[in-house]
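Peer 1: Sequence isn't available, so here's the structure alone:
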């Protein structure tokens, strides 16, 4: 379980200095042998634990088996609609993907009005999804297509037929399959971060259990079969959450930097990931609480405010920079330093917000009409999103976490991060 020893242990401060022996490098003038040295006052050296031991090997093998089972569930049946493009969001993203083109220069990439990569410049009046997955899939498709077109193989055999598909990877009838493969791979990485989060909050066994439950989560398996942004944003959010836990424990600037990069990638995949800002604030609170209430290091207490401000500034700057690069057409341009928002993109957000709230009528929104708030979400998350086994564990763990945080915040202060994130998503 999550013990006080686990929380209260901080890694040693990083330092570039070392102790210097003033006599180092000088030759001894007296012959010194084992007999002449006498007993040593230094304590015996502790045996160094090998990096690869039996316990770690068992953990690695168990996690690998979980990932293999998860891969089977996610990579089998990718062409489930037999090329009919039955998922409406995926179909639209595929249409955009086949029209956009990689720009010829960095300057053109950031030129919102001229870039051939901008969906608005390719006869699409609206594009509300994040552009990072769109750009990545197109780049991979063009690379595969370019490599395979230079390979001369007859098409009258299975290898030739497979290469023929790869040579058309950026086409309407091929690129969505690549997108589905990359969605599945992103979700496998998410399972790895779920393991790391569980291990950091509790221990290795809990991390493996969490990975196993995630591997069989119905919603994740379903999303892995679609070329949409859900698997990508989930991956980057899970990565940001893991590094937020580390930042809450150590306050290290490197961890805050990773939080910023991962959050920026998540926001560039789907704008709703901006909600993760509350977890960043929760991590800052957890580090402040730990330093003030638990830590005995006076230096950490003395520089607490400065460290927190610096960490949050690093995070905020990197979120913005990564979002600027990953979703360049949210800005008016034409240069990278022209950071005024694109009026077309802002208008797009406002229109879809009205659809989501019901202010404007939109057929896909009819499924929520007449439902009971929160009961509908709870029922669907439990029965269909997670599935009953995972749902029971998740909801019981959520409630138990709240009780423990309220009763013993000095021991369980890190619970604030998952509680805030789960609660916000459910209420939202």
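Peer 2: Ah, there it is. Quantities reported herein were computed from a predicted structural model and do not represent experimental measurements.
Peer 1: hang on, residue 229 packs against residue 135?
Peer 2: No - look at residue 229 against residue 135 with CB atoms under 8 Å: they stay out of range, at 11.9 Å. Placement of C-beta: from N, CA and C, glycine included.
Peer 1: quick one: which of these two has more around it?
Peer 2: Regarding residue 229 and residue 135, a neighbour count based on other CB atoms under 10 Å identifies residue 229 as having more, with 26 against 20.
Peer 1: domains of this protein?
Peer 2: 236-326, 371-428 (automatic domain parsing).
Peer 1: can you give me the helices for the stretch 1-150 of the chain?
Peer 2: Secondary structure of the stretch 1-150 of the chain (DSSP state H, counting those that start in this stretch): helices at 4-8, 34-37, 54-75, 88-99, 106-109, 131-149.
Peer 1: The stretch 151-300 of the chain now?
Peer 2: Using DSSP H, counting those that start in this stretch, helices in the stretch 151-300 of the chain cover 158-166, 175-201, 204-215, 218-223, 230-250, 253-269, 277-293, 298-302.
Peer 1: Nearest to residue 405 among those would be which one?
Peer 2: Comparing the helices of the stretch 151-300 of the chain by their distance to residue 405 (CB to CB), the top pick is helix 277-293, with 10.4 Å.
Peer 1: Identify each buried residue in the closest one, please.
Peer 2: 279-280, 282-291 (16 or more other CB atoms under 10 Å).
Peer 1: For that helix, name the packing helices and strands.
Peer 2: helix 230-250, helix 253-269, helix 298-302, helix 304-326, helix 409-412, helix 416-427 (3 or more CB pairs under 8 Å, 6 or more residues apart in numbering; DSSP states H and E).
Peer 1: hmm, 6 Å instead?
Peer 2: helix 230-250, helix 304-326, helix 416-427 (3 or more CB pairs under 6 Å, 6 or more residues apart in numbering; DSSP states H and E).
Peer 1: Format those helices as TSV; extra columns: distance to residue 266, mean neighbour count and mean pLDDT.
Peer 2: As requested, those are exported to TSV (distance: least, CB to CB, whole Å; neighbours: other CB atoms under 10 Å; pLDDT from 0 to 100):
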stretch	distance to residue 266	mean neighbour count	mean pLDDT
helix 230-250	4	24	97
helix 304-326	9	18	96
helix 416-427	12	16	93
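Peer 1: Quick one, which of the ones you listed gets closest to residue 366.
Peer 2: Here helix 230-250 is closest among the helices and strands packed on helix 277-293 (CB to CB), at 21.2 Å.
Peer 1: Please render the helices of the stretch 1-150 of the chain as a markdown table that adds mean pLDDT to the earlier fields.
Peer 2: Converted to a markdown table, these look like this (pLDDT from 0 to 100):
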| stretch | mean pLDDT |
| --- | --- |
| helix 4-8 | 38 |
| helix 34-37 | 38 |
| helix 54-75 | 96 |
| helix 88-99 | 96 |
| helix 106-109 | 96 |
| helix 131-149 | 95 |
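Peer 1: nearest to residue 367, of the ones you listed?
Peer 2: helix 88-99 (12.9 Å).
Peer 1: tell me what that closest one is packed against?
Peer 2: Helix 88-99 packs on no helix or strand, going by 3+ CB pairs under 6 Å, 6+ apart.
Peer 1: Give me the buried positions along that helix.
Peer 2: 90, 92-98.
Peer 1: same check, this time on stretch 116-126
Peer 2: Buried, per 16+ other CB under 10 Å, within stretch 116-126: 117-122.
Peer 1: Point to the residue nearest the middle of the protein.
Peer 2: residue 236 (1.8 Å; CA atoms, centre = their mean).
Peer 1: Pretty sure that residue sits against residue 264.
Peer 2: No - Residue 236 is not in contact with residue 264 according to CB atoms under 6 Å; the separation is 8.4 Å.
Peer 1: State whether residue 333 is indeed within a strand.
Peer 2: No - secondary structure assignment places residue 333 outside any strand; it is coil (DSSP: H, G, I helix; E, B strand; the rest coil).
Peer 1: Got phi/psi on the closest residue to it other than its chain neighbours?
Peer 2: With sequence-adjacent residues excluded and distances taken as CB to CB, 6 or more residues apart in numbering, residue 333 is closest to residue 112, at 3.7 Å. Phi and psi for residue 112, reported as degrees, to the nearest 10, are phi -60, psi -40.
Peer 1: if I look at residue 112, how far off is residue 343?
Peer 2: 10 Å (CB to CB, to the nearest Å).
Peer 1: do the same with residue 325
Peer 2: Taking CB to CB, one finds residue 325 at 21 Å from residue 343.
Peer 1: same deal with residue 197?
Peer 2: Using CB to CB, we find residue 197 at a distance of 39 Å from residue 343.
Peer 1: quick one, which of the two is more surrounded?
Peer 2: residue 197 (22 against 9).
Peer 1: where does the more buried one land on pLDDT?
Peer 2: Looking at residue 197, its pLDDT stands at 97.
Peer 1: so it makes contact with residue 240?
Peer 2: No - the pair residue 197 / residue 240 is not scored as a contact, 10.8 Å apart, by CB under 6 Å.
Peer 1: Pull the number of nearby residues for the nearest residue to residue 322 once chain neighbours are set aside.
Peer 2: For residue 322, ignoring the flanking residues on the chain, the nearest one in space by CB to CB, 6+ apart is residue 264 at 2.6 Å. Residue neighbour count, defined by other CB under 10 Å, stands at 27 for residue 264.
Peer 1: sorry, back to before: how close does the closest residue in space to the residue nearest to the centre of the chain that isn't next to it in sequence sit to residue 260?
Peer 2: Of all residues not flanking residue 236 in the chain, residue 266 sits nearest, at 3.7 Å (CB to CB, 6+ apart). Residue 266 is 11 Å from residue 260, where distance means CB to CB.
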